[in-house]
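Engineer: Mind folding the following:
(2 chains)
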2 protein chains.
Amino acid sequence: MKINLSHGSGGKASSELMQSIFGKHFSNPILDKMEDAAVLDIHGKIAFSTDSFVVTPVFFKGGDIGKLAVCGTVNDLLMMGAKPLYMTAAFILEEGLDIDDLERIVISMKNAAEEAGIKIVAGDTKVIEGKGGLFINTSGIGHIPEAFNVSASNCKPSDVLILSGNLGDHHACILSHRMQIENGIESDCAPLNTIIEAMFDAGIQVKTMRDVTRGGLGTILNELAEMSGCGIEIIEKDLPVNASVRGFCEILGLDPLYMGNEGKMIAIVSEKDADRALALIKETQYGKDAAIIGRAVSGHGVTMITPLGGKRTVDVLYGEGLPRIC
Amino acid sequence: MKINLSHGSGGKASSELMQSIFGKHFSNPILDKMEDAAVLDIHGKIAFSTDSFVVTPVFFKGGDIGKLAVCGTVNDLLMMGAKPLYMTAAFILEEGLDIDDLERIVISMKNAAEEAGIKIVAGDTKVIEGKGGLFINTSGIGHIPEAFNVSASNCKPSDVLILSGNLGDHHACILSHRMQIENGIESDCAPLNTIIEAMFDAGIQVKTMRDVTRGGLGTILNELAEMSGCGIEIIEKDLPVNASVRGFCEILGLDPLYMGNEGKMIAIVSEKDADRALALIKETQYGKDAAIIGRAVSGHGVTMITPLGGKRTVDVLYGEGLPRIC
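Structural biologist: Purely as a prediction, here's the structure:
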């Protein structure tokens, strides 16, 4: 069965779709009330974020648009030091979307939300003309502990940058699908809870952290450098890149520095904590390939030390990169 | 200048768009931090809602997609008894969208948010291929006072239904634009704060309330009847409909009972409060045409008393109504 415009009318067909797909899989005591908004009890400092997802194809190796939509918002909350609590899910469905595909995506969201410990508490569905695709917006709320102090302004020269894993997997995976290139490259789409918990539970003082998504590491590091008032120096040979992704990039002339990821983060810690933080991250499911990639220095901007010892300025991404990767 | 895919890349063009349009007009101390999520202080019971907006055309008499996106989420929060506090705004822009049009929409959102007393604190932008249109998701948080008790389950037979104004204006306005019919019909798109404040400030015990949007009054009343465990009886001749909208509906064979509105609500109050509540609503800017339209009765379902004294069952909307009206 396919989605048609009546599923977005607010009438009978809308409410049947809501019950049979969203209500069925997302069911929880808050959502089940089906009111205009979820009612929650919150006390303290919270993080509030939003993200829309428009990736094509909607199914890809290692995930789908639903998993991406949950992990993306979970990771945004985590980066603010928040424990993800509640999330909304708003769907814009194109006419012709297969309802079985929609259900598969919804189940994938349910599983990702369970893994990340976040509850989907409110939603919305609209239907538009189109080619059978869909867009998902997720907005999330998380609780920030009072003692929490993570901010780019904490960084000082000599602080160490840890990258939680290989660069470019998600980007290379989506591009492979679009170019119909058969390879084993999987998206890294994942919630980063365990990596962060590992560091915080062990008492590591994380100075700042950022997920490395659209725009790639190069763009994110430039933002971090600007916000921290430090320069950043990274070592090219220490950047972790999976061998298949490296090969793929070489053939196509892509630079992993500007490729998007969906389950990677940078943590900046003081020099004395760096080795211990790295070891903790490497023990987690999504942090096996973590590496120390550089450090904060006095000055400004981002510089990369090449394998031959030269210095190259790393700028932000210009132009379009690959559109619709998230 | 037009939106192109580079505006969604996460690189330089994205950040320039963010600064020059969103940052410029939505500026406030929370948003200006431009972190992955907004950091807020919240204590108590909150309402959390989400809504996507896909209306075409994006500009219409009485409003535009931006005003609609703000009012829609504000009204969802208000209906839960919440004072709207914070909102996110996520844009999916189609390539070719005129940047001046985008700015006009953003300014309209800023004005609507100011009127409704809500702050836009976080956002997101994606760009997709398309025909130069856009979709907006807004998610909102509001604070629910401890003493607040508004729920369909409070309703009892003899309680009175007040409708805050004329039916069908928004729907008829959008349809007129699409059919290129020249008339004076304006969307009723508006935030409902003042209507609700008028009742609550005067100590009216509102038993339940709902905004009357997609699906129309017929669908909303059926939902209210089911959730309250009461029947609902409405008087056809007492339903307020603007003369131009009535004429428009008669020509096209449309039923105002199933037409969408964007600035109308139903309040259910006890019989003793009804006249006073009506008078208070009629004094507000968006409640001039309010009317008592019926009452809760024992039984179930929704019945309409016709001008000749007959009874007609009012069902929920079947089929598609008019798509993409919100």
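Engineer: From the opening residue of stretch A:193-208 to its closing one, how far?
Structural biologist: In stretch A:193-208, first residue to last residue: 15 Å (CA to CA, to the nearest Å).
Engineer: Give me the contact list for that stretch.
Structural biologist: Contacts of stretch A:193-208 from elsewhere in the structure, counted by CB atoms under 8 Å, 6 or more residues apart in numbering or on different chains, are A:74, A:78, A:84, A:116-117, A:150-152, A:154-156, A:159, A:164, A:209, A:224, A:228, A:265, A:267-270, A:273, A:276-277, A:280-281, A:283-287. Every residue, glycine included, has its C-beta placed from N, CA and C.
Engineer: Just the buried residues of that stretch, please?
Structural biologist: If you call a residue buried by 16 or more other CB atoms under 10 Å in any protein chain shown, then stretch A:193-208 has these buried ones: A:Asn193, A:Thr194, A:Ile195, A:Ile196, A:Ala198, A:Met199, A:Phe200, A:Ile204, A:Val206, A:Lys207, A:Thr208.
Engineer: Taking the stretch 101-250 of chain A, what residue is nearest to chain B?
Structural biologist: A:Arg214 (2.8 Å; CB to the nearest CB).
Engineer: quick one on the thing from earlier: the contacts of stretch A:193-208 in strands, which ones?
Structural biologist: If you go by DSSP state E, the contacts of stretch A:193-208 have A:Pro84, A:Met209, A:Met265, A:Ala267, A:Ile268, A:Val269 in strands.
Engineer: In helices, which of the contacts of stretch A:193-208 appear?
Structural biologist: The members of the contacts of stretch A:193-208 that map onto helices under DSSP state H are A:Val74, A:Leu78, A:Ala116, A:Leu224, A:Ser228, A:Arg276, A:Ala277, A:Leu280, A:Ile281.
Engineer: could you dump the ones in strands among the contacts of stretch A:193-208 to a markdown table with neighbour count and distance to B:Gly63?
Structural biologist: Below are the ones in strands among the contacts of stretch A:193-208 laid out as a markdown table (neighbours: other CB atoms under 10 Å in any protein chain shown; distance: CB to CB, whole Å):
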| residue | neighbour count | distance to B:Gly63 |
| --- | --- | --- |
| A:Pro84 | 25 | 35 |
| A:Met209 | 25 | 41 |
| A:Met265 | 25 | 41 |
| A:Ala267 | 27 | 45 |
| A:Ile268 | 27 | 45 |
| A:Val269 | 24 | 50 |
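Engineer: now those residues in CSV, with pLDDT and distance to A:Ser6?
Structural biologist: What follows is those, written out as CSV (pLDDT from 0 to 100; distance: CB to CB, whole Å):
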residue, pLDDT, distance to A:Ser6
A:Pro84, 97, 34
A:Met209, 95, 45
A:Met265, 98, 43
A:Ala267, 97, 48
A:Ile268, 97, 51
A:Val269, 97, 54
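Engineer: Which one of the residues you listed is nearest to A:Thr303?
Structural biologist: A:Ile268 (16.0 Å; CB to CB).
Engineer: got a list of what the closest one touches?
Structural biologist: A:Ile268 is in contact with A:Cys155, A:Asp159, A:Val160, A:Leu161, A:Ile162, A:Val206, A:Lys207, A:Thr208, A:Met209, A:Leu224, A:Ser228, A:Ala296, counting by CB under 8 Å, 6+ apart.
Engineer: Which of the contacts of stretch A:193-208 are buried? Put it as a PyMOL command.
Structural biologist: PyMOL command restricting the contacts of stretch A:193-208 to the buried ones, with burial defined by 16+ other CB under 10 Å:
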select buried, chain A and resi 74+78+84+116+150+151+152+155+156+159+164+209+224+228+265+267+268+269+270+273+277+280+281+284+286+287
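Engineer: now, which of the buried residues of stretch A:193-208 lie within strands?
Structural biologist: Reading strands off those with DSSP E, I get A:Val206, A:Lys207, A:Thr208.
Engineer: picking up where we left off before, which of the ones in helices among the contacts of stretch A:193-208 sit farthest apart?
Structural biologist: The widest separation within these (CB to CB) is 27.7 Å, between A:Ala116 and A:Ser228.
Engineer: Dig out what A:Ala296 forms beta bridges with.
Structural biologist: A:Ile232 (DSSP bridges).
Engineer: That one touches A:Gly229, doesn't it?
Structural biologist: No. Taking CB atoms under 8 Å as the definition, A:Ala296 is not a contact partner of A:Gly229, at 9.6 Å.
Engineer: Of these two, which one has the most company?
Structural biologist: A:Ala296 (25 against 15; other CB atoms under 10 Å in any protein chain shown).
Engineer: in its sheet, what does the top strand by length along chain A sit against?
Structural biologist: Secondary structure assigned by DSSP E gives strand A:38-53 as the longest strand of chain A. With DSSP bridges as the test, strand A:38-53 is paired with strand A:134-144 (antiparallel), strand B:38-53 (antiparallel).
Engineer: Would you single out the least confident of the ones you listed?
Structural biologist: Mean pLDDT per stretch puts strand B:38-53 lowest among these, at a mean of 94.
Engineer: and that strand, which residues are buried?
Structural biologist: For strand B:38-53, a neighbour-count test (16+ other CB under 10 Å) marks B:38-40, B:42, B:45-53 as buried.
Engineer: again with stretch A:215-229
Structural biologist: Across stretch A:215-229, burial judged by 16+ other CB under 10 Å covers A:215-225, A:227-228.
Engineer: go on, stretch A:113-125?
Structural biologist: Buried residues in stretch A:113-125, defined by neighbour count with 16+ other CB under 10 Å: A:Ala113, A:Glu115, A:Ala116, A:Ile118, A:Lys119, A:Ile120, A:Val121, A:Ala122, A:Gly123, A:Asp124, A:Thr125.
Engineer: who touches it?
Structural biologist: With CB under 8 Å, 6+ apart, stretch A:113-125 has contacts from A:7-8, A:14, A:17-18, A:22, A:26, A:28, A:30-31, A:37-38, A:40, A:70-71, A:73-74, A:83-91, A:93, A:109-110, A:140, A:142, A:191, A:193, B:48-52, B:137.
Engineer: picking up where we left off before, please identify every residue contacting each of A:Ala296 and A:Gly229.
Structural biologist: Counting by CB under 8 Å, 6+ apart, the residues touching both A:Ala296 and A:Gly229 are A:Cys155.
Engineer: and the helix or strand of chain A with the lowest mean pLDDT, is it in reach of chain B?
Structural biologist: None of the helices or strands of chain A scores lower by mean pLDDT, DSSP states H and E than helix A:12-17, at a mean of 86. Yes. Using CB under 8 Å from any CB of the partner chain, helix A:12-17 reaches chain B at A:Lys12, A:Ala13, A:Ser14, A:Ser15.
Engineer: which stretches of chain A have low pLDDT?
Structural biologist: Under the criterion pLDDT under 70, the flagged ranges of chain A are A:320.
Engineer: how far does the longest strand of chain A sit from the chain's center?
Structural biologist: Between the centre of strand A:38-53 and the centre of its host chain there is 17 Å, according to CA atoms, centre = their mean, to the nearest Å.
Engineer: Each with direction, which strands does the helix or strand following that strand pair with?
Structural biologist: Next helix or strand after strand A:38-53 toward the C-terminus (DSSP states H and E): strand A:59-60. Looking at strand A:59-60 with DSSP bridges, its partner strands are strand A:63-64 (antiparallel).
Engineer: Identify the residues contacting the partner strand?
Structural biologist: By CB under 8 Å, 6+ apart, strand A:63-64 touches A:Val58, A:Cys71, A:Arg104, A:Ile105, A:Ser108, A:Ser187, A:Cys189, A:Glu262.
Engineer: Count the neighbours of the fifth one for me.
Structural biologist: Residues near A:Ser108, counting by other CB under 10 Å, number 20.
Engineer: Check the first one too.
Structural biologist: Around A:Val58 there are 22 other residues, counting by other CB under 10 Å.
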